[in-house]
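Undergrad: predicted coordinates and the sequence they were generated for:
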Amino acid sequence: MVTAISRLPSLPPAPAAGGVRALKRPTEPPLTPDSPMIALAYRCVRREHEALLQRQPQRGATPTPDDVHQTRIATRRLRVALRLFGALLPNSATTRLAKELRWFARSLGAARDLDVHAEALREHLQSAGAAAAQELGGYELALRRERLAARDALHTLFSSDRYAALMSSLAELLDGAPSPAALRRWRSFTIRAGAAHYLKRSRKRVVRLGRKLGSDSAAEDLHRLRIRAKRLRYALEFFLEPYPELAPAAKATKALQDVLGAHQDARTARRRVLAYARALRKRGPAATAPPGALGAWGSAQHQRAAQARRELEPEWQRFLAAIHLPDLAAR
């Protein structure tokens, strides 16, 4: 079930790496449609940077699965903000940060994907029964080993100089920003104008691709639609403070993203099952897991993907009905 999207609250300062706390900023004034667009752009980047600070592990610790999940979300939102508002931010800094955030997101991806897969397997075994759990013991063990290796990689990631440089660059970008000079330069470009410009463009990209697709479209095309829907959702959420009436559109976009995400997760899980089965066959007949257990698990993933495809068309129609943006310029 998709939860309602409300205004995004300001985040409190969080412990930084090594136990150093982020500096507390004074309370920021509320933004209105007539506020400078550059103020909203920096507020969005600052909020996601604070989310990263909140979730990064203490020195020597390994992040929990939820920490990885929330860090990945904040990283994605940061990447969307830099892409969306790049013209308002220093070009050299945003280009470098976009590259480093892409690296960081990919580094988190392996651990997060394994966590999602392990949770799906756990749910499957709860309904499949004790016999299936016993038959899939080897598969569970292999998955556990992969997750342990991924956790070790995360420990190395968060301890790396490259990660420290990324966080330092983000802090440098946000220090005292936007400057008085930048505010003067962009004062005539209001949030009202920015909402009409950025949201119309993001919406158009989703609708244009989605109208070409259907329940029988290639999985790669559905994944592309998911990425565009995710970017639109984040863009809508960025504007919720001055435009709370955008919440229904953001909620509908998230629902569409969730259906496409369920399809992608099931597809990824099935590929992992098939790869494991191939690896067993190479090791010889004695290593082969009972085909009934693996087959049922792979079939469950196939059914999950098929169910997501069936849900796509009605969800797409609900999205189209909700995404007619209000007249933001009239506010």
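TA: The structure has been received and is ready for your questions. Numbering: from 1, shown residues only.
Undergrad: and the helix or strand bottoming out on mean pLDDT in the chain, which residues are buried?
TA: Within the chain, no helix or strand scores below helix 130-135, which has a mean of 77 by mean pLDDT, DSSP states H and E. When burial is assessed from 16 or more other C-beta atoms under 10 Å, helix 130-135 yields the following buried residues: Ala132, Ala133, Glu135. C-betas here are computed from N, CA, C, even on glycine.
Undergrad: tabulate those (TSV), appending distance to Arg318.
TA: Putting those into TSV (distance: C-beta to C-beta, whole Å) gives the following:
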residue	distance to Arg318
Ala132	36
Ala133	38
Glu135	40
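Undergrad: off-centre distance for whatever helix or strand Ala41 lives in?
TA: Here Ala41 sits within helix 37-55, counting by DSSP states H and E. Between the centre of helix 37-55 and the centre of its chain there are 15 Å (C-alpha atoms, centre = their mean, to the nearest Å).
Undergrad: same deal with stretch 242-256?
TA: A distance of 16 Å separates the centroid of the chain from that of stretch 242-256, by C-alpha atoms, centre = their mean.
Undergrad: distance-wise, check the closest residue to Glu28 other than its chain neighbours relative to Ser169.
TA: Leaving aside its sequence neighbours, Glu28 sits nearest to Arg43 (C-beta to C-beta, 6 or more residues apart in numbering; 6.7 Å). Arg43 sits 18 Å away from Ser169, going by C-beta to C-beta, to the nearest Å.
Undergrad: the more surrounded of the two?
TA: More crowded of Arg43 and Ser169, by other C-beta atoms under 10 Å: Arg43, with 20 against 15.
Undergrad: give the residue spans of this protein that score low on pLDDT.
TA: Per-residue confidence for the chain (pLDDT under 70) gives these ranges: 1-26, 284-291, 326-331.
Undergrad: for the residue positioned nearest the centre of it, list the residues it contacts.
TA: Centroid-nearest residue in the chain: Ile73, 3.9 Å away (criterion: C-alpha atoms, centre = their mean). Counting by C-beta atoms under 8 Å, 6 or more residues apart in numbering, Ile73 touches Ala51.
Undergrad: what strand or helix carries it?
TA: Applying DSSP H and E as the criterion places Ile73 in helix 65-84.
Undergrad: buried residues, that helix. List them.
TA: 65, 67-82, 84.
Undergrad: which elements pack onto the helix or strand just after it?
TA: Under the assignment DSSP H and E, the closest C-terminal helix or strand after helix 65-84 is helix 91-128. Applying 3 or more C-beta pairs under 8 Å, 6 or more residues apart in numbering; DSSP states H and E, we find helix 91-128 packed against helix 65-84, helix 130-135, helix 137-158, helix 161-174, helix 247-283, helix 291-322.
Undergrad: quick one, which of these is nearest to Trp103?
TA: With C-beta to C-beta as the measure, helix 161-174 is the member of these nearest Trp103 (7.5 Å).
Undergrad: may I see the buried residues of the very next helix or strand once past the closest one?
TA: Downstream of helix 161-174, the first helix or strand assigned by DSSP H and E is helix 180-186. By 16+ other C-beta under 10 Å, the buried positions in helix 180-186 come out as Ala182, Trp186.
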